[in-house]
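In: structure, please.
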Amino acid sequence: MAELVIGQARVQEIVRGDGRRMYTLVGPDGVVDPVADAYLRSCEPGTARTYAYMLVDHLRWLPTEGLSLATATLRDLQRYMGLVGAEFRGPRGAPWRVDKGPLSQSGLEVMAACLKGLYLHQGVEGVNRELADELDQSRLPTKTDRKRAFLGHALRQLPANPLTPAKAVRRRHPKMAPEGARRELVKVRRAARDRMIVTWLADGGFRIGELCGLHLADLHLREGAACGQGQAPHIHICHRPTNPNLARAKMKYPWQVVDGVVCGGQTRRASPAMISTYFDYMTTEYPRDATHGMLLVQLFGPRTGQPLTTTGARRMLQRAGRSQDLGHLLPHQFRHSFATGVLDASGGNSVYAREAGGWASAATVDEIYGHADVNDPKFAAALNQVWAGEQ
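Out: Numbers count the residues shown, from 1 in each chain. Modelled structure (predicted):
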């Protein structure tokens, strides 16, 4: 009977009247879980969706250990984090998620933040206050924290999470798109839309959610646009939680429409090739009767003319990659290649790369992409100079 109850717990999507989507957890009896629902209501829509799928796994695990939200301890939460992939010294209990792989480093960090928020939230309601007090920790800010924060010099302490796993060493050589992938794909893809997607991913460094979430009004592809945010052709990346294809930008920069012109958001320069593929697509394949105003649309099937989803764009790239023996091709690989290319062309200037690709921090760009090319003649010359001085 317990297995049946656990299997019935699920995430429920709720579409509001204004088109926004909220997420909650439904128990085995079909009734909304009041604790999880109250917590998810306090989160932003995008965060609520991620946290909902994290919480449903945790709430399914609790009954298998004879626990509940009111009786769980910090040690129990640490054991659970160990079961989903974090390092934990000690017995973990019965295996969990045996049919799934461990969470990635970023997934573990999200899970830790989600669990801390949930138990702090119910601690405010007077439930399991002891655990909430153990989770409510703080730490001194580091030099990096001060650099990233507004008025960082005034920081005295920052929240800490005892569930957060130890920081893993970032892979300094992220997986980039295969060499020549863009050239091969543009050459063989018949649809102008597909050629445009590949070109924009390669030349703009877009995240796939940013690209599929673009509206026609976001594109200022002529010089001297009325928005006044740059003379060169550019694109405004605006976070819209109500897009019909559920695609949304990661960064939530403020934006507005002034006299019918999109202003604000995050701007990204447009290359001549991007503009060329855009006009090719718009004049040959874009439906004339489309009313949704989004840039990328489905070209075939029952949803022809409707906005293209991120899943549809990913599958197109995967099919194209297999057909050209390029392996398992992912949209984010083009973003990695774009960042590396900008860094190389700018002489390692991480600020240029940050602005070109829309990263939140130049330190992140430098940490992930700022590595030396050991085959570069300048690298060899520097070593030779040092070795000569030691003789």
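In: in three-state terms, label the most centrally placed residue in the chain for me.
Out: With distances taken as Cα atoms, centre = their mean, the residue of the chain nearest its centroid is residue 250 (5.9 Å). Of the three states, residue 250 takes coil according to DSSP: H, G, I helix; E, B strand; the rest coil.
In: and the pLDDT for it?
Out: Residue 250 carries a pLDDT value of 89.
In: and it, what does it touch?
Out: Residue 250 makes contacts with 207, 209, 210, 239, as judged by Cβ atoms under 8 Å, 6 or more residues apart in numbering. Quick note: C-beta positions are derived from backbone N, CA and C, even for glycine.
In: element containing the third one?
Out: Assigned by DSSP states H and E, residue 210 belongs to helix 208-212.
In: other residues contacting that helix?
Out: Contacts for helix 208-212 (Cβ under 8 Å, 6+ apart): 197, 200-201, 204, 237, 245, 247-250, 296, 307-310, 313-314, 331-332, 358.
In: so how many other residues sit close to residue 31?
Out: Residue crowding around residue 31 was assessed by other Cβ atoms under 10 Å; the count is 8.
In: quick check: domain ranges of this structure?
Out: Domain assignment for the chain, taken from automatic domain parsing, gives 2-160, 181-336.
In: and those domains, which one's lowest on average pLDDT?
Out: domain 2-160 (a mean of 86).
In: now stretch 273-287: how far from the chain's centre is it?
Out: 27 Å (Cα atoms, centre = their mean, to the nearest Å).
In: if you could redo that for stretch 292-302, that was the one I meant.
Out: Centroid separation for stretch 292-302 versus its chain: 23 Å, with Cα atoms, centre = their mean.
In: could we number from 181 for the rest of this?
Out: Will do, 181 is the new start, and the previous item becomes stretch 472-482.
In: now the end-to-end length of it.
Out: One end of stretch 472-482 to the other measures 17 Å (Cα to Cα, to the nearest Å).
In: buried residues in it?
Out: Within stretch 472-482, the residues that count as buried by 16 or more other Cβ atoms under 10 Å are 474, 475, 476, 477, 478, 479.
In: which parts of the stretch 381-530 of the chain are helices?
Out: 388-392, 452-464, 490-503, 511-525, 530-537 (DSSP state H, counting those that start in this stretch).
In: give me the contacts around stretch 208-221.
Out: Contacts for stretch 208-221 (Cβ under 8 Å, 6+ apart): 184-186, 188-189, 192, 202-207, 228, 231-232, 235, 239, 249, 297-298, 301-302, 305, 307.
In: likewise stretch 226-237?
Out: 189-191, 201-205, 216, 219-221, 223, 264, 277, 290-291, 294-295, 297-298, 421, 428.
In: which positions within that stretch qualify as buried?
Out: Under 16+ other Cβ under 10 Å, the buried positions of stretch 226-237 are 226, 227, 228, 229, 230, 231, 232, 234, 235, 236, 237.
In: same question, stretch 429-436
Out: Buried, per 16+ other Cβ under 10 Å, within stretch 429-436: 429, 435.
In: quick one on the thing from earlier: filter the contacts of stretch 208-221 down to just the ones in strands.
Out: Secondary structure from DSSP state E places 192, 202, 203, 204, 205, 206 of the contacts of stretch 208-221 in strands.
In: in a helix, residue 318, correct?
Out: No. Assessed with three-state DSSP, residue 318 is strand; it does not lie in a helix.
In: any idea how far residue 325 is from the residue lying closest to it once chain neighbours are set aside?
Out: Distances taken as Cβ to Cβ, 6 or more residues apart in numbering place residue 337 nearest to residue 318, at 4.4 Å, with adjacent residues excluded. Distance from residue 337 to residue 325, counting by Cβ to Cβ, to the nearest Å: 10 Å.
In: more neighbours: which of these two?
Out: Neighbour totals were compared for residue 337 and residue 325, and residue 325 leads with 13 against 10 (other Cβ under 10 Å).
In: so which of the contacts of residue 430 is the most crowded?
Out: With neighbours taken as other Cβ under 10 Å, the top of those is residue 390, carrying 26 neighbours.
In: quick one: it from residue 218, how far?
Out: 32 Å.
In: ditto for residue 309
Out: 16 Å.
In: again with residue 434
Out: As for residue 434, its distance to residue 218 is 28 Å (criterion: Cβ to Cβ).
In: cool, and residue 558?
Out: Applying Cβ to Cβ to residue 558 and residue 218 gives a distance of 58 Å.
In: those two: who's more crowded?
Out: Shown here are residue 558 and residue 218; by other Cβ under 10 Å, residue 218 has more neighbours (15 against 9).
In: distance check, the more buried one against residue 424.
Out: From residue 218 across to residue 424, the span is 28 Å (Cβ to Cβ).
In: quick one: contacts for residue 333?
Out: Residues counted as contacts of residue 333 (Cβ under 8 Å, 6+ apart) are residue 326.
In: would you map the strands across the stretch 331-480 of the chain?
Out: Using DSSP state E, counting those that start in this stretch, the strands of the stretch 331-480 of the chain run over residues 338-340, 399-400, 414-417, 435-438, 441-444, 446-449.
In: so what strands line up beside the fourth one?
Out: On the basis of DSSP bridges, the sheet neighbours of strand 435-438 come out as strand 441-444 (antiparallel).
In: next, the buried residues of the partner strand.
Out: 442, 443.
In: same check on stretch 499-518?
Out: Using 16+ other Cβ under 10 Å as the test for burial, stretch 499-518 gives 500-501, 504, 506, 509-518.
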